[in-house]
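[1] Got a predicted structure here, sequence first:
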Amino acid sequence: MQKTQEALAESNADGLLVWKDENVRYITSLRAQLIAGKTTSLNGALVTPDNDPILLGSGGEIDKARFGMSWIGEAHAVPIMEQRELVDGFVSNVLGPLLTEWGLESGRLAVDQSNISFIQSLSSHLPDLEILDGDTVMQRARWIKTDLEVAVIEEACAIGDSVTQRALDETRAGRRELEVAADAMQTLFRLGGEMAHVITPFVASGEHMSPPHRLATDKIIRNQDLCFIDIGSMWNGYFADIGRTTIVGRPSKKQQQIYTAVYEGLMAGIEMMRPGYTNQDCADAIIAKIGEHGFEEHLFSLFIGHGIGMGANEPPYIGETLPGATTYEFQPNMVFAVEPLVWVPDTRGGGGVRLEDMVLVTDDEPHLLSRVEYEERLLI
């Protein structure tokens, strides 16, 4: 909460309204039920630089908040923000009076995310209110972790390592990708994980990694298939994102060459993750090393790494190539998932390899948070 209020005070906004699940939990510690396909405006929080947060909870969460979250001083029920009449009722009867009470009816309110109905209703009921970008405020609050947050992420990584190892152990010829994913998810829940870092567990074998099919299917894993595992974990609201590629049976020379290029690229990138270097320096090192092996043109057309915490993917990003990509210097207590992926078409058994590790930036050497071993049979 303190970091949020500090980030808000440094912005041009007078108040902050958040709806994203991770931002609401970051501010209030509300662990809410997540409903597939409904990730916006189920629960919210209202913050100013000087006041305690007000929780805006869905009907399914409000009683828990009022009776079981003693640190929340004020909580109000919120409808599912889809039907315009309900949205108007909430703005006119709950949110509008709260903003007026705080003197914000003609101020500047930062909002992290919402739907058009809500924004239109807010503008209609409070025409003098200026709506600003609140997502950037929250990103700045969250991207440098506290020591306590790092400790929680360490535990998430311990679970994520175990999930990944279970999947690797269960990967063999004759099994379906979905069977491997099911075994991994069993381990996730058995160890206290809340969810994977993706809704659809990522187990892809053979031709399903060139190009990547980023989910598990009923494909049968075969001898000589490369198989990629990317499931991760969440614990106490914080994500771990860990990926490994293994081989079923004996690898081909081409598969070893691809794997070695990705591994060496990953190591080169991690080496740059320290103060004084930037996300672009890290990306350049990865791309250059993979290029030395002749596979630069086969790099996956996605960023190579991303921040991680209460969001599975969050800024800053590493190796983003689309317009608007920004360069940032690494700072201590930033946490990243670094994940170069190379896929080469027309490779027997698949030519797609990704390796993904969690890295903590420190005052000195980068600290590897993930500990799953690499596949020695694929290194040359």
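    Everything's here; your move. Residues are numbered from 1 along each chain as shown.
[2] How about Gly193, nearest residue that isn't a chain neighbour?
    Excluding the flanking residues, the one nearest Gly193 by CB to CB, 6 or more residues apart in numbering is Ser233, at 4.1 Å. Just so you know, the C-beta spots here come from the backbone N, C-alpha and C atoms, and that holds for glycine as well.
[3] Would you mind listing the residues in contact with the one you found?
    Going by CB atoms under 8 Å, 6 or more residues apart in numbering, Ser233 touches 156-157, 159-160, 163, 188, 191, 193-197, 239-240.
[4] buried set for the host helix or strand of Met267?
    In the assignment (DSSP states H and E), Met267 maps to helix 253-271. By neighbour count, and taking 16 or more other CB atoms under 10 Å as the criterion, the buried residues in helix 253-271 are 255-270.
[5] Show me the two of those residues that sit farthest apart.
    Maximum pairwise distance in the buried residues of helix 253-271, criterion CB to CB, is 22.7 Å, between Gln255 and Ile270.
[6] What separation do you get for Asp161 and Thr187?
    Computed with CB to CB, to the nearest Å, the distance linking Asp161 and Thr187 is 10 Å.
[7] Okay, helices next: where are they in the stretch 1-150 of the chain?
    Under the criterion DSSP state H, counting those that start in this stretch, helices of the stretch 1-150 of the chain are mapped to 2-10, 21-28, 62-68, 84-90, 96-101, 116-125, 135-142, 147-169.
[8] Columns mean neighbour count and distance to Ser205 on top of those helices, output as JSON lines?
    Formatted as JSON lines, the helices of the stretch 1-150 of the chain follow (neighbours: other CB atoms under 10 Å; distance: least, CB to CB, whole Å):
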{"stretch": "helix 2-10", "mean neighbour count": "17", "distance to Ser205": "42"}
{"stretch": "helix 21-28", "mean neighbour count": "23", "distance to Ser205": "31"}
{"stretch": "helix 62-68", "mean neighbour count": "14", "distance to Ser205": "42"}
{"stretch": "helix 84-90", "mean neighbour count": "16", "distance to Ser205": "45"}
{"stretch": "helix 96-101", "mean neighbour count": "16", "distance to Ser205": "52"}
{"stretch": "helix 116-125", "mean neighbour count": "16", "distance to Ser205": "41"}
{"stretch": "helix 135-142", "mean neighbour count": "20", "distance to Ser205": "35"}
{"stretch": "helix 147-169", "mean neighbour count": "20", "distance to Ser205": "11"}
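[9] Those helices into TSV, with extra columns for distance to Leu369 and mean pLDDT?
    As requested, these are arranged in TSV below (distance: least, CB to CB, whole Å; pLDDT from 0 to 100):
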stretch	distance to Leu369	mean pLDDT
helix 2-10	21	86
helix 21-28	19	94
helix 62-68	31	87
helix 84-90	41	93
helix 96-101	40	93
helix 116-125	37	93
helix 135-142	17	93
helix 147-169	5	98
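[10] now those helices in JSON lines, with distance to Gly44?
    Listed next are the helices of the stretch 1-150 of the chain as JSON lines, based on distance: least, CB to CB, whole Å:
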{"stretch": "helix 2-10", "distance to Gly44": "13"}
{"stretch": "helix 21-28", "distance to Gly44": "6"}
{"stretch": "helix 62-68", "distance to Gly44": "12"}
{"stretch": "helix 84-90", "distance to Gly44": "10"}
{"stretch": "helix 96-101", "distance to Gly44": "11"}
{"stretch": "helix 116-125", "distance to Gly44": "10"}
{"stretch": "helix 135-142", "distance to Gly44": "12"}
{"stretch": "helix 147-169", "distance to Gly44": "22"}
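[11] Any idea how far apart the tips of stretch 123-140 sit?
    The first and last residues of stretch 123-140 sit 26 Å apart, counting by CA to CA, to the nearest Å.
[12] Flag the shaky bits of the stretch 151-300 of the chain, pLDDT-wise.
    Screening the stretch 151-300 of the chain residue by residue with the criterion pLDDT under 70, one finds no matching range.
[13] Which stretches in it count as strands?
    The residue ranges that make up the strands of the stretch 151-300 of the chain, judged by DSSP state E, counting those that start in this stretch, are 202-205, 226-230, 233-235, 238-240, 243-247.
[14] which one of those lies closest to Val335?
    Go through these one by one with CB to CB and the one that ends up closest to Val335 is strand 238-240, at 9.0 Å.
[15] other SSEs contacting that closest one?
    Contact here means 3 or more CB pairs under 8 Å, 6 or more residues apart in numbering; DSSP states H and E; on that basis strand 238-240 packs against helix 147-169, strand 233-235.
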